[in-house]
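**Student:** kindly return the folded structure for what I paste below:
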Amino acid sequence: MKINNKWMTMAAALTMTATLAVAAPGEGKHGKHGRHGRGGSELGQRFAEKLNLTEAQKAQVQEIRKASSERNKALYESSRDTFKQFREAKKANDTAKVEALKPQVQSLRTQMQQLREAEQASIAAILTPEQRAQFETMKAEREARRGERGERGKRHRSERQ
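**Tutor:** Below you'll find the predicted structure:
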């Protein structure tokens, strides 16, 4: 009987430990904030490795990203609500609200794209010509992958209808 109690206690402890490990925030394949994270630390490390950045360049990139984030914080915070309303309207099939929000959403996306491009231009300015060429290649590859995902999504949506 004592042996059974020990096994039951061990099994319960193992189950509880496994449950806590699975439910713990910030755990998993891509960490707490998804694949790219909030600060983009994993992405930033891969970026730095691929471009073979010096320590000084890494510090400059980090400072550029931080300054950009602080400068544009208000826009990102205010746009969050608009995007949420747009998604909810689409999900509810509220075409009137979707159409009313569309110009605002398109404007926000354009602004955000311009901010990203300005940040990337600042980063490109601190790179050597070889690093800049590699950076442009990386951006082109990312855009190609984005295009492929978009096409797969369009096909998937049309198949569901």
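
**Student:** which residues of the protein score low on pLDDT?
**Tutor:** Residue ranges of the chain with pLDDT under 70: 1-43, 152-161.

**Student:** so what does the top helix by length along it touch, helix or strand wise?
**Tutor:** Scanning the chain for the helix with the most residues, using DSSP state H, yields helix 55-91. On a contact count with 3 or more Cβ pairs under 8 Å, 6 or more residues apart in numbering; DSSP states H and E, helix 55-91 meets helix 41-51, helix 95-125. No exception for glycine: its C-beta is placed from N, CA and C like everyone else's.

**Student:** one more time with 6 Å, if that's ok
**Tutor:** helix 95-125 (3 or more Cβ pairs under 6 Å, 6 or more residues apart in numbering; DSSP states H and E).

**Student:** what's the angle from the helix it packs on to helix 41-51?
**Tutor:** 40 degrees (axes from the mean of the first three to the mean of the last three Cα atoms, to 10 degrees).

**Student:** could you point out the helix or strand that follows helix 95-125?
**Tutor:** helix 129-160 (DSSP states H and E).

**Student:** hang on, isn't S68 packed against E119?
**Tutor:** Yes. With contact defined as Cβ atoms under 6 Å, S68 counts as touching E119 (4.6 Å).

**Student:** in stretch 100-107, what's buried?
**Tutor:** L101, V105 (16 or more other Cβ atoms under 10 Å).
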